[in-house]
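A.B. asks: here is a sequence with its predicted model. Questions after.
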Amino acid sequence: MNNFYYQIPTEIFFGKGQIEQLEKEIPKYGNKVLLVYGGGSIKRMGLYQAIYAIFARIGVEVTELPGVEPNPRIETVRAGVELCRKNAIEVIIAAGGGSTIDCAKVISAGANYAGDSWDIVTGAAPVTETLPVLAILTLAATGSEMDRFAVISNMKTNDKLGAFSPLFYPKVSILDPEYTFTVPKNQTAAGTADIMSHIFEHYFNNVQGAYVQNRLAEGLLKTCIHYGPIAYNEPENYEARANLMWVSSLAIDGITWRGNDVATSVHPMEHELSAYYDITHGVGLAILTPHWMKYVLNDKTLDRFVEYGVNVWGIDPALDKFAIAGKAIEKTADFFRALEIPATLREVGIDDAHLEIMAEKAAKGMKKAFYPLTSHDVLNIFRAAL
């Protein structure tokens, strides 16, 4: 196991009715609030009204930034930064899924940066100061409610980039599973795939002795496999929604990968798909993952795939090792199909027009991956997924 530093400074309020915690939490950080959200879902579920009832009780000044995109745009970040400066915003409340929270995080940094917010995303400018962000989660997927990452898209340059800073952790996150009851089936499916991909990215590693992290990862994967279909078919099943919501947070907060760090593989590939075609992140991950697994399966990686097959899918350990690995990959693909996620890139409108440039950009950070990939390798995976 490698050396590591682990800290989660975010306060979590989990369960029914925890929205009421905002009444005592907001005044800790300020009186002038920017409320960031996406479409109309928070109004349809009554969350918007509940938030404003709290605002009225504590007498805050509110500015709104609605319309955050599923793949949040840098233009929306810039609009939020301008609102923060114009209205002397002191605290940002992000009500929504990971996209909304990611957008709020970069706004929180951009508000105190004199240059363009895209500099923060590219890493050209360090994050030195942020406004406090309070998150109210409505979709179990990205884990943004309890991590230091934010992903922002620039469609003009076809870039979807991840920025990170310890200052990006939300100060407070409200996790009420009931706010995910109205999530559409396709988003529940994509969210489950996203959670699993976060776990896969570090479960598949070459670090020796990271037994604790690997067993935790397997438990989280089994939770997704068990509760994902239940939430998909029974959207108001509180137990299923609660377990998915918590596994979403744990999948990326570091508990499964501090000490066994490894460069990610499938996420960089999917970011290129989203940057050029603006597809749903979790869908792209679900399409690519089985093809990546097949491509990197070899004598060197075999044992980890065997562990995955036996410990996660319950495959008979007496079988031939390659048979176990093959069955595990097949079960992974079957699981995503059972959630009615598209199985090919062409099904989501992707052709071969940009494959080479996407492969070249995606491969830049994969030299230290579980199985290092070149742009040629990534291109082969893209072609197999078409």
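C.D. replies: In hand now; what should we look at? Residues are numbered from 1 along each chain as shown.
A.B. asks: mind listing what the closest residue to Lys327 other than its chain neighbours touches?
C.D. replies: Leaving out its chain neighbours, the residue that sits closest to Lys327 by Cβ to Cβ, 6 or more residues apart in numbering is Ile315, at 5.2 Å. Just so you know, the C-beta spots here come from the backbone N, C-alpha and C atoms, and that holds for glycine as well. By Cβ atoms under 8 Å, 6 or more residues apart in numbering, Ile315 lies in contact with Gly309, Ile324, Lys327, Ala328, Lys331.
A.B. asks: looking at the residues you listed, which is nearest Ile199?
C.D. replies: Ala328 (14.1 Å; Cβ to Cβ).
A.B. asks: quick one: that closest one is in a strand?
C.D. replies: No - per DSSP: H, G, I helix; E, B strand; the rest coil, Ala328 lies outside any strand segment and is helix.
A.B. asks: for it, grab the count of nearby residues.
C.D. replies: 22 (other Cβ atoms under 10 Å).
A.B. asks: equivalent analysis for Lys364, please.
C.D. replies: When neighbours are counted by other Cβ under 10 Å, Lys364 registers 10.
A.B. asks: what residues of stretch 37-44 count as buried?
C.D. replies: Tyr37, Gly38, Ser41, Ile42 (16 or more other Cβ atoms under 10 Å).
A.B. asks: doesn't Glu360 make contact with Thr374?
C.D. replies: No - between Thr374 and Glu360 there is no contact under Cβ atoms under 8 Å: 9.5 Å.
A.B. asks: check the buried residues of stretch 37-44 and tell me the two furthest apart.
C.D. replies: Tyr37 and Ser41 (8.4 Å).
A.B. asks: need the overlap of contacts for these two.
C.D. replies: By Cβ under 8 Å, 6+ apart, Tyr37 and Ser41 have these common neighbours: Gly96.
A.B. asks: would you double-check that the residue nearest to Lys327 falls in a helix?
C.D. replies: No - with three-state DSSP as the criterion, Ile315 is located in coil rather than a helix.
A.B. asks: mind giving me the domain split of the chain?
C.D. replies: 11-179, 185-385 (automatic domain parsing).
A.B. asks: nearest to Tyr5, of these?
C.D. replies: Using Cβ to Cβ, the nearest of those to Tyr5 is domain 185-385, at 7.5 Å.
A.B. asks: and the closest one, what's its mean pLDDT?
C.D. replies: For domain 185-385, the mean pLDDT works out to 95.
A.B. asks: now find how far off-centre that domain is within its chain.
C.D. replies: Centre-to-centre, domain 185-385 and its host chain are 12 Å apart (Cα atoms, centre = their mean, to the nearest Å).
A.B. asks: could you tell me the end-to-end distance of it?
C.D. replies: Using Cα to Cα, to the nearest Å, the end-to-end distance of domain 185-385 comes to 23 Å.
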